[in-house]
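A.B. asks: Provided below are the primary sequence and the corresponding predicted coordinates.
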Amino acid sequence: MLSKQNVFDTVVAHARKQGEQAINDFNASCYYRKPGSDLKCFIGALIPDNLYDSRMDEMTPDGMPSKTQDSNDASQLFENYPDVMKEIGLSDDMVPFLMNLQGIHDNFPAKDWDAKLFDLATDYNLTMTK
């Protein structure tokens with residue numbers, strides 16, 4: 001299983017490299033993988049290409065398929081793709097942590113990510129490289 005520190009390090013590296021949100025241009029909802037681009041949200045960056053399913057981006061908060069979802073929720077992935085989450089090395093007790101990570105991606109501009117990620121690292125007793 002991946003530790004919170006492993007997940008955090010992966011997300012920080014991804015956030016710094018990508019430097020922009022993976023969002024729907026029409027309704028500002030997040031994509032795990034934005035169609036027609038290489039953009040991934042923070043949770044999307046944890047999903048290897050061979051395990052990603054485009055239907056992951058079609059879930060509503062109640063887990064029903066929809067192209068017009070309001071948001072993606074880490075708990076949906078665990079409910080709808082438990083084998084994928086297990087293969088990645090994520091346990092369901094990580095959902096609150098993943099939701100906090102994803103909230104930074106979804107709710108703050110990229111220029112604020114480092115500061116917000118540092119705050120999250122402090123909250124979870126994690127280290128953040130400069």
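C.D. replies: Thanks, I have it. Just so you know, these numbers come straight off a predicted model, no measurement behind them.

A.B. asks: for the lengthiest helix in the chain, packing partners?
C.D. replies: Longest helix in the chain, counting residues (DSSP state H): helix 4-18. For helix 4-18, the elements it packs on are helix 95-107, helix 113-123, judged by 3 or more C-beta pairs under 8 Å, 6 or more residues apart in numbering; DSSP states H and E. Heads up, the C-betas are built off the backbone N, CA and C, glycines and all.

A.B. asks: Name whatever forms a beta bridge with the closest residue to residue 106 other than its chain neighbours.
C.D. replies: Counting by C-beta to C-beta, 6 or more residues apart in numbering, residue 30 is the residue found nearest to residue 106 once chain neighbours are left out, at 4.9 Å. When assigned by DSSP bridges, residue 30 has beta-bridge partners residue 23.

A.B. asks: pretty sure residue 30 contacts residue 40?
C.D. replies: No - using C-beta atoms under 8 Å, residue 30 is not in contact with residue 40, being 9.9 Å away.

A.B. asks: any common contacting residues for these two?
C.D. replies: Common neighbours of residue 30 and residue 40 (criterion: C-beta atoms under 8 Å, 6 or more residues apart in numbering): residue 22.

A.B. asks: higher neighbour count, these two?
C.D. replies: residue 30 (25 against 20; other C-beta atoms under 10 Å).
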